[in-house]
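Take a look and give me a structure for this.
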Amino acid sequence: MDLLATTSAVAVSSYALLSTIYKSAQALYARPATNPSLQDTPGRSEPVLPSVDVIVPCFNEDPITLAQCLESLASQDYTGKLQVYVVDDGSANRDVVAPVHKIYANDPRFSVILLANNVGKRKAQIAAIRSSSGDLVLNVDSDTILAADVVTKLVLKMHDPEVGAAMGQLIASNRSQTWLTRLIDMEYWLACNEERAAQARFGAVMCCCGPCAMYRRSALALLLDQYEAQFFRGKPSDFGEDRHLTILMLKAGFRTEYVSDAIAATVVPDSLGPYLRQQLRWARSTFRDTFLALRLLPELDGYLTLDVVGQNVGPLLLALSSLAALAQLLIAGSVPWWTGLTLAAMTMVRCSVAALRARELRFLGFALHTPINIFLLLPLKAYALCTLSNSDWLSRKVANVPAEGEKQSVILHPNAGPSAASKWGMSGIIHKAGLSSPESSLTATKSVCGCDRSTACK
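Model prediction:
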């Protein structure tokens, strides 16, 4: 029985050491850095602004949520040419969302592409990319609302020709809905303002998240065939499109960046079932593309190697220490004090640092993520590793088709203008995005749809 206690103690001590080194380096590099080229851009002679194509793939989307997404795109303050392509991926509720399409029928900036069959998000994106010609391509999920300056700020980052992709900061638009949405919102803040911010210091954000990511068309043209034809063990790989495309960008020699003050609010799962299904899909995607990312590490800064080790070896050590501690408790009947106290101390330190950086006491509540991680997410990741060949999307099986009696509540008047969508429950909440960027306001919304959301920060 001493073997179990020793194994648990050694594993948790190794985990604590690795996490301390990794998180300390991450905090160091995640600090906001000024970019002279961006600061000087407004003062130079007026440049010709690149044209931007915004692509919004939709599948059985709630019409209110879609209308709010499109309204945020219509309200962008970008002074260059902006075209929006709404791609309906064979939705079963097309008659319900058709009035939303009609709102923008007379707006020359908007085009609607109706696919006859459901081909998946990736192929829906590609259909629009091949139908458009803008200098830059912005992928936006249909349940995401952008702050009015998002396109402008992402374009500024793309001013550097070496940058192939850039992502904005994600927040949960339905943060106040449940305890889980509050937890996920904090998780997003940490993922963006710690992990992505540190990676961006070296121009190597490992995943430009799907809800709000901009790409250089010339780079996409080189990678589109590889992006479309991703296979894993001989089977098409249809999910994890954002991570895979980001890795392809890095592999091709382009930089990938994070723009902390380009704020996008997206709908997140509000219950454990959808959340765990989402995490299972993301875990499979991460494992698949990690093997591809390993080949890039010799060409990147040493911190990126530490980042990959911290994100993959760390959970392995945590799982080992937790299993040994549980076995010690069940078999020997002795309490694994060292393991418990170490994990509790690490959790409180991390939450306190996050609360200090974000200047929000709510981050102390992120301590709840530790037991969820140990008892739910770690076993789920183990299952994902054992079922890597499974390419089921897990959240696209059931179409979100309102009952007949509900349709009247979401129909828009055909002659309504773009501002009509604002009447559909858009609240005036001002959301502070985080310490690492200037305060940004974004109109938040509460989704009326209870389906499993597949879009978020990976």
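
From here on, just use CA atoms for contacts and neighbour counts.
Will do.

Find out how far the top helix by length along the chain is from the centre of the chain, if you would.
Across the chain, the longest stretch assigned as helix under DSSP state H is helix 2-29. In this view, helix 2-29 has its centroid 27 Å away from the chain centroid, taken as Cα atoms, centre = their mean, to the nearest Å.

Now do it: which elements does it pack against?
Applying 3 or more Cα pairs under 8 Å, 6 or more residues apart in numbering; DSSP states H and E, one finds that helix 2-29 makes contact with helix 197-200, helix 302-327, helix 337-358.

For this structure, give me the ranges with low pLDDT.
1, 33-46, 231-239, 391-458 (pLDDT under 70).

Kindly recompute the last result at 80.
Residues of the chain meeting the criterion pLDDT under 80: 1, 31-47, 230-240, 389-458.

Return the set of buried residues in the longest strand seen in it.
With secondary structure taken from DSSP state E, the chain has its longest strand at strand 255-266. Within strand 255-266, the residues that count as buried by 16 or more other Cα atoms under 10 Å are 255, 256, 257, 258, 259, 260, 261, 262, 263, 264, 265, 266.

which parts of the following helix or strand past it are buried?
Per DSSP states H and E, the first helix or strand lying C-terminal to strand 255-266 is helix 272-294. Applying a neighbour-count criterion of 16+ other Cα under 10 Å, one finds 274-275, 277-290, 293 buried in helix 272-294.

quick one on the thing from earlier: Serialize the buried residues of strand 255-266 to a markdown table and add fields for distance to residue 363.
Shown next, in a markdown table, are the buried residues of strand 255-266 (distance: Cα to Cα, whole Å):
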| residue | distance to residue 363 |
| --- | --- |
| 255 | 31 |
| 256 | 28 |
| 257 | 25 |
| 258 | 22 |
| 259 | 22 |
| 260 | 18 |
| 261 | 20 |
| 262 | 22 |
| 263 | 19 |
| 264 | 20 |
| 265 | 19 |
| 266 | 19 |
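
Strands of this structure, start to end?
Under the criterion DSSP E, the chain contains strands at 52-58, 82-89, 110-115, 136-140, 144-146, 163-172, 212-216, 231-232, 235-236, 255-266.

Mind checking the ones you listed for the one nearest to residue 195?
strand 255-266 (10.1 Å; Cα to Cα).

Figure out how far the closest one is from the centre of its chain.
Strand 255-266 has its average C-alpha position 10 Å from the chain's average C-alpha position, going by Cα atoms, centre = their mean.

got the angle for it vs strand 136-140?
Interaxial angle of strand 255-266 relative to strand 136-140 (axes from the mean of the first three to the mean of the last three Cα atoms, to 10 degrees): 40 degrees.

Taking their axis directions, strand 255-266 and strand 212-216 sit at what angle?
150 degrees.

Just list what strand 255-266 packs against, helices and strands only.
By 3+ Cα pairs under 8 Å, 6+ apart, strand 255-266 packs against strand 144-146, helix 150-157, strand 163-172, helix 197-200, helix 241-251.

looking at the ones you listed, which is buried most?
Highest mean neighbour count of the helices and strands packed on strand 255-266: strand 144-146, a mean of 30 (counted as mean count of other Cα atoms under 10 Å).

Please list the residues outside it that contact it.
65, 68-70, 72-73, 211-212, 263-267, 442-444 (Cα atoms under 8 Å, 6 or more residues apart in numbering).

of all those, which comes closest to residue 2?
Within the contacts of strand 144-146, proximity to residue 2 (Cα to Cα) peaks at residue 267, which comes in at 47.5 Å.

That closest one is in contact with residue 170, isn't it?
No: the pair residue 267 / residue 170 is not scored as a contact, 10.0 Å apart, by Cα atoms under 8 Å.

Who is residue 87 paired with across the strands?
Beta-bridge pairing of residue 87 under DSSP bridges involves residue 57, residue 113.

Please give me every residue in contact with it.
By Cα under 8 Å, 6+ apart, the contact set of residue 87 is 55, 56, 57, 58, 112, 113, 114, 115, 124, 125, 128.

Got a ChimeraX select line for the buried ones in these?
Filtering the contacts of residue 87 down to the buried ones (16+ other Cα under 10 Å) takes a single ChimeraX command:
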select :55,56,57,58,112,113,124,125,128
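
tell me which of the contacts of residue 87 is nearest to residue 225?
Closest to residue 225, out of all of the contacts of residue 87 and judged by Cα to Cα, is residue 125, at 12.7 Å.

Spit out the contact partners of that closest one.
55, 56, 57, 87, 139.

How much space separates the last one from residue 4?
For residue 139, the distance to residue 4 under the criterion Cα to Cα, to the nearest Å works out to 49 Å.

do the third one as well
Taking Cα to Cα as the measure, residue 57 falls 51 Å from residue 4.

Excluding chain neighbours, what is closest to residue 163?
residue 255 (4.4 Å; Cα to Cα, 6 or more residues apart in numbering).

The one you found contacts residue 161, doesn't it?
No: counting by Cα under 8 Å, residue 255 does not reach residue 161; the two are 9.1 Å apart.

Can you give me every residue that contacts residue 303?
Applying Cα under 8 Å, 6+ apart to residue 303 gives the contacts residue 25.

and the gap between it and residue 193?
Relative to residue 193, and taking Cα to Cα, residue 303 is found at 16 Å.

Any buried residues in stretch 363-383, and which?
In stretch 363-383, counting by 16+ other Cα under 10 Å, buried: 363, 364, 365, 366, 367, 369, 373, 374, 377, 378, 380, 381.

What's the end-to-end length of it?
OK, stretch 363-383 end separation, Cα to Cα: 29 Å.

repeat for stretch 259-273
31 Å.

chain center to that stretch: distance?
In terms of Cα atoms, centre = their mean, the centre of stretch 259-273 is set 7 Å apart from its chain centre.

same check, this time on stretch 348-364
Offset of stretch 348-364 from its chain centre (Cα atoms, centre = their mean): 21 Å.

how about that stretch: buried residues?
Judged by neighbour count using 16+ other Cα under 10 Å, the buried positions of stretch 348-364 are 350, 351, 352, 354, 355, 357, 358, 363, 364.
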